[in-house]
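Visitor: Give me a 3D structure for the following:
(chains A and B)
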Amino acid sequence: MRAYLEICKKSFQERMAYRGELLIRFVGIFMSFYLLYMFWKALYANSTDVQGISFHSMITYTIMSAIMGGIINIFGILNVYLAYWMSSRVRTGEIVMDMMKPTDFQLYLFSHSFGRLLFNVIVSVPIFILAIFIFKIYLPDSLAVLALFAVSLSMSYLLTFLIDFMVSLVSFWTTQNQGVGGFTRLIIALLSGAFIPLWFFPEWARNILSYFPFASIYHVPLSIYIGKIKSIEGFRAISLQLIWIGALYAGSRLLWLKSRRKLMTHGG
Amino acid sequence: MIFYIKLFFTFFKLNLKAQMEYRINFIMSIFHILILQLGNLGLIWVVLDSFQALRDWTFGEIAFLVGLRLLSHGLFTLFLPEIYWGLSNYIVRGEFDRFLLKPVNPLFLLITNGIILSGITDFSSGIVILWIATKSLELNWTFINLLILLVVVFSGLLIEISAYLATSSVAFWVTNLQTLNFITFQFHEQYILYPVSIYGKPIQYFLTFIIPFAFINFYPSAYFLDKPSSLLFHSYFVYLTPIVALISFGVAYFIWKRGILAYQSTGS
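Guide: Numbering: from 1, shown residues only, chains lettered A, B, ... in the order given. Now for the predicted structure:
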């Protein structure tokens, strides 16, 4: 346990070293806030309530989505840092050193990613506060809703981590995986409700999407936050998130065993 | 002149060979860009199904805007990516000297230094999206309009070149310029995907008079689609794209020239 905490601390400190990039991140995120705001404002120019969602709720949804992206995406929308890291380790062979460590490989990477997550959460706090003042996004109705949102957000993070982990294992077969990594991120961005909430999608598309974990990543926590999904329904949505985490965890362990064997047969 | 044309093709062939080294990356990027562009358009279709219009722009009209931008951007990515991806790095790292050592125009040397093959995919998806717009709006392309389209696409290309040449050239004086470059990039990559008229006045001024990205697609679309109600400053602006392109290139080239002088006088 101590070892994992150390890894987590180290990866947090690593991020601190790149504080200089924060300016770009702030500029970038406020430019997209403004864009999102004006985009939805122009859409709502002709109507006040669409699908039971007011302009105010929609802005809260979309800006919270951008903030959430900064937290769980770890490295921007189309850049999967875990995949990038893994493919370069596999290419140089350093991966063997990582695997020889007396820690569980997946947990090792998780602690690493968790350190970055903590850094991102801290960075997001001032962004969130500014967004409340500038774009008038609102806080959830009650503390209970806020707590439910926090739980759901953690699930989203776990899901993203598991998907990234599986994608990064592709490099054991191809050495290059950034194409696959970016592609996965793109699909998530399009189909998870990160930009356009799923309730605007046509019925048939929503039916298909209900067989995939995408909605669990953005749509569920954000709908809980703005109060579109309430109480019992919220718990049901979170249970579904949990089921997806279970399934992806099992899948990732299986894939990891296979990847390791693949490496062994190459005499690593 | 003939010397330059010959040289251009020689360099292009070399760059093409270099790019072909990464065939899998290229094939992945085809899928990635196609799904990115068509997926984003799909999302716009989804919201406009619920909202009818983005202020007074319909789905087909926005598709036109997006397609027009992609045509000139595809050419930029294919032939001139070094202006954006390379220039400021060369200057900051002190590698710019090599462009001054040869008896050829340094700007020519810079742009022939690299290509990005996936520009072809940007360009092709631009054609597909313009075709979707044509179908959706039932446009009739006359011969004259096709000629004007050609002029507009090349003017748009020149505007993009000028914008990135000017911002990257600032690196001759200021070393840390990532943020400035990034702002230009965001405006070009995100903001002009939607009609400029949805933004506040300061942004409209900025995109018309300072970095005239609005002339790449917004004003020409207003011309092709006959949209007087969305005109911002003066109804003549819809005809100005080629003139704006020439002026911006003049300004950008001036900044670049002064930058080179400043670079030489520091005597590195």
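Visitor: Can you name the residue of the stretch 151-268 of chain B nearest chain A?
Guide: Nearest residue of the stretch 151-268 of chain B to chain A (Cβ to the nearest Cβ) works out as B:I198 at 4.0 Å. Just so you know, the C-beta spots here come from the backbone N, C-alpha and C atoms, and that holds for glycine as well.
Visitor: In space, what's closest to that residue - neighbours in sequence excluded?
Guide: Once flanking residues are discounted, B:I198 sits nearest to A:A42: 4.0 Å by Cβ to Cβ, 6 or more residues apart in numbering or on different chains.
Visitor: And A:S168, by the same measure?
Guide: Of all residues not flanking A:S168 in the chain, A:M86 sits nearest, at 3.8 Å (Cβ to Cβ, 6+ apart).
Visitor: where does that neighbour sit relative to A:I72, distance-wise?
Guide: Going from A:M86 to A:I72 by Cβ to Cβ, to the nearest Å gives 18 Å.
Visitor: Same check on B:L7?
Guide: Distance from B:L7 to A:I72, counting by Cβ to Cβ: 49 Å.
Visitor: Relative to chain A, which residue of chain B is the closest?
Guide: In chain B, the residue that lies nearest chain A is B:M28 (3.2 Å; Cβ to the nearest Cβ).
Visitor: count of neighbours near that residue?
Guide: B:M28 has 19 neighbours, counted by other Cβ atoms under 10 Å in any protein chain shown.
Visitor: now the helix or strand hosting it: mean pLDDT?
Guide: Under the criterion of DSSP states H and E, B:M28 resides in helix B:23-51. For helix B:23-51, mean pLDDT is 88.
Visitor: What ranges does the chain have for its helices?
Guide: In the absence of a named chain, chain A is used. Assigned by DSSP state H, the helices in chain A fall at A:2-17, A:22-43, A:55-72, A:81-92, A:95-100, A:105-135, A:143-169, A:171-174, A:178-191, A:203-209, A:214-217, A:219-226, A:231-265.
Visitor: not what I meant, chain B
Guide: B:2-20, B:23-51, B:59-79, B:81-85, B:87-92, B:97-100, B:106-111, B:119-137, B:143-169, B:178-189, B:201-205, B:214-224, B:241-265.
Visitor: re the thing from before, of B:L7 and A:I72, which one has the most company?
Guide: Neighbour count, other Cβ under 10 Å: between B:L7 and A:I72, A:I72 has more, with 21 against 14.
Visitor: List the residues that contact the more buried one.
Guide: By Cβ atoms under 8 Å, 6 or more residues apart in numbering or on different chains, A:I72 lies in contact with A:L117, A:N120, A:L153, A:S156, A:Y157, A:T160, A:I217.
Visitor: So for it, what's the pLDDT?
Guide: Per-residue pLDDT puts A:I72 at 85.
Visitor: For chain B, name the helix or strand with the lowest mean pLDDT.
Guide: helix B:87-92 (a mean of 83; mean pLDDT, DSSP states H and E).
Visitor: residues of that one that come out buried?
Guide: Of the residues in helix B:87-92, B:L87, B:S88, B:Y90, B:I91, B:V92 count as buried by neighbour count, 16 or more other Cβ atoms under 10 Å in any protein chain shown.
Visitor: For A:V27, state which of these is nearest.
Guide: Ranked by distance to A:V27 (Cβ to Cβ), these are led by B:S88 at 16.4 Å.
Visitor: give me the residue from chain A nearest chain B.
Guide: Proximity to chain B, evaluated over chain A using Cβ to the nearest Cβ, is greatest for A:G179 at 3.2 Å.
Visitor: Could you dump the buried residues of helix B:87-92 into JSON lines with distance to A:M64 added?
Guide: Converted to JSON lines, the buried residues of helix B:87-92 look like this (distance: Cβ to Cβ, whole Å):
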{"residue": "B:L87", "distance to A:M64": "37"}
{"residue": "B:S88", "distance to A:M64": "34"}
{"residue": "B:Y90", "distance to A:M64": "40"}
{"residue": "B:I91", "distance to A:M64": "39"}
{"residue": "B:V92", "distance to A:M64": "36"}
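Visitor: Closest one to A:E6 out of those residues, please.
Guide: The closest of the buried residues of helix B:87-92 to A:E6 turns out to be B:V92 (Cβ to Cβ; 35.4 Å).
Visitor: Excluding sequence neighbours, find me the nearest residue to that closest one.
Guide: Spatial nearest neighbour of B:V92, excluding adjacent residues (Cβ to Cβ, 6+ apart): B:T175 at 5.3 Å.
Visitor: List the contacts of the residue of the stretch 151-268 of chain B closest to chain A.
Guide: By Cβ under 8 Å, 6+ apart, the contact set of B:I198 is A:M38, A:F39, A:K41, A:A42, B:L54, B:R55.
Visitor: Please tell me how far the third one sits from B:Y90.
Guide: In other words, A:K41. Counting by Cβ to Cβ, the gap from A:K41 to B:Y90 is 41 Å.
Visitor: who touches residue 64 in this structure?
Guide: I went with chain A, as the question did not name one. Shown in contact with A:M64 (Cβ under 8 Å, 6+ apart): A:I137, A:L222, A:Y225, A:I226.
Visitor: if you could check chain B rather than the one you did, that'd help
Guide: By Cβ under 8 Å, 6+ apart, the contact set of B:F64 is B:L130, B:A133, B:L137, B:S221, B:F224, B:L225.
Visitor: Any of the residues you listed buried? List them.
Guide: Among those, those scoring as buried are B:L130, B:A133, B:L137, B:S221, B:F224, B:L225 (criterion: 16+ other Cβ under 10 Å).
Visitor: Could you export these to TSV, including columns for distance to B:L246 and pLDDT?
Guide: Output for the buried ones among the contacts of B:F64, formatted as TSV (distance: Cβ to Cβ, whole Å; pLDDT from 0 to 100):
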residue	distance to B:L246	pLDDT
B:L130	24	95
B:A133	27	95
B:L137	30	93
B:S221	20	93
B:F224	21	92
B:L225	24	91
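Visitor: Tell me which two of those sit farthest apart.
Guide: Spatial extent of those (Cβ to Cβ) is set by the pair B:L130 and B:L225 at 12.0 Å.
Visitor: Many thanks, have a good one.
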